[in-house]
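J.: need a structure here:
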Amino acid sequence: MSGAFAVAWLPWLLFALPGGVLVDRVDRRRLMIVVDWLRVAALTGLGAAIVGGLVTVALLYVVLFLLNTGEILNRTASQALVPAVVPRERLERANGWLVGGAMVAHGMLAGPLGGFLFVLAASAPFLANAAAYAVGAVLLAGLAGSFGPTPDTRVRSARADLLEGIRWLAGQRLLRAMAVLIGLLNVTLTAAYAMLVLVAEQRLGLGEVGYGLLLTCLAAGSLLGSVVGDRLIRWATATWTIRLGLLTEVLLHLVLAMSPDPWLVGAALTLFGVHGALWGIVAVSLRQRLTPPRLLGRVGSVNLFVVAGGNCVGALLGGALVARFGLTAPYWVGFVVATLVTAATWRVFDRAAVARAYAQPDPADPPTVDAVVRPPDPVGPNER
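T.: The predicted structure follows:
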């Protein structure tokens, strides 16, 4: 199991950054279609190996590695694709429905459905997943429009392209702050999640069903936030959505550190689920509004790399803190870190700065000398 966890996370650390470079160099829709068909092939092969009694742990690791590598490319490309098909004023609504759809499918339906299919046949969940990817590829093929790279006359190395994206992000105060604080908060949040099952059993006196209900509270809050997220953000403003979200992070760690009441913990997790959905909508929408189309893949991939790094460190940190200082240690550390991050970034997300981001016209790259001197680079169809 630990090997499977490591193999599943390794691609995010290896390929998140170069994946963004690829997304910005090719037709994003075609890339997503190719990735989905490759995942169909991988899962069909695994299902066939199970049916034939040929499955091994090594094969499972290979398929996990391929699926997560594909997920990196697919997620980066899909986030970069949204502004090309959605009007600028509807980005929050679109991202909210994407978050909600993922929560329903992955957070609520996939687990029970996978268990049911596995009882029918060990190969069934994998073949069903392959069929789902095939449907996704067919739907993407019917998406009208041009989604290739924007004309860029410079022929550069992948390293130069990656550094350009990192430098651009480092020069953007709002997006830079979002990336840094997400990385820090993900370390402590993943540590908290990793130990939640022990909190449920040892402090709250809950069994497997009770622990499952705590996760359901989190999922229900996330679904609620994704469905009404655009209206809540419009009512509260993006500034206060971010600030109240930071306070919610502080509150969750404090409740998990101090409270033995399962009802209070469930309520805190529900509220945190709402915050998580709202935070995701605001963060992705801000990035899509501010980033030049040709850099969307690279800037998004830097965020994915930060998130993945925080998750990996947090998973290890949670166990180490509990082993050394006791069950509540990850939550007290999370409380302190969230409080410091909130205090340090409170004024970064002031109303004027966020309002300027929302009022800013569609980002466009300034003309370069190369654009005048050199002919267009024939990379592929034009896109954002």
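J.: can you count the residues close to the residue lying closest to residue 221 once chain neighbours are set aside?
T.: Counting by CB to CB, 6 or more residues apart in numbering, residue 221 lies nearest to residue 273, which is 2.4 Å off, once chain neighbours are set aside. Using the backbone N, CA and C atoms, a C-beta is placed for each residue, glycine as well. As a burial measure, residue 273 scores 25 neighbours (other CB atoms under 10 Å).
J.: in which helix or strand does residue 273 reside?
T.: In the assignment (DSSP states H and E), residue 273 maps to helix 262-290.
J.: next secondary structure element downstream of that helix?
T.: Helix 262-290 is succeeded, C-terminally, by helix 296-325 (DSSP H and E).
J.: next SSE downstream of that next one?
T.: For helix 296-325, the following helix or strand on the C-terminal side (DSSP H and E) is helix 329-345.
J.: which residues touch residue 124?
T.: Contacts for residue 124 (CB atoms under 8 Å, 6 or more residues apart in numbering) come out as 47, 117-118.
J.: any low-confidence regions in the stretch 151-300 of the chain?
T.: For the stretch 151-300 of the chain, the stretches flagged by pLDDT under 70 are 151-155.
J.: ok, longest helix in this protein?
T.: Longest helix of the chain, by residue count under DSSP state H: helix 208-258.
J.: quick one: distance of that helix to the chain centre.
T.: Relative to its parent chain, helix 208-258 has a centroid offset of 16 Å by CA atoms, centre = their mean, to the nearest Å.
J.: and it, what does it pack onto?
T.: When contacts are defined as 3 or more CB pairs under 8 Å, 6 or more residues apart in numbering; DSSP states H and E, helix 208-258 packs onto helix 91-102, helix 173-194, helix 196-198, helix 262-290, helix 329-345, helix 351-359.
J.: centre of the chain to the first one, how far?
T.: This points to helix 91-102. Taking CA atoms, centre = their mean, the mean C-alpha location of helix 91-102 is offset from the chain mean by 12 Å.
J.: list the buried ones in the helix or strand following that helix?
T.: Going down the chain from helix 91-102, the next helix or strand is helix 110-120, by DSSP H and E. Under the neighbour-count criterion of 16 or more other CB atoms under 10 Å, helix 110-120 has residue 117 buried.
J.: can you check stretch 184-197 too?
T.: Quick answer for stretch 184-197 (16+ other CB under 10 Å): 184-196.
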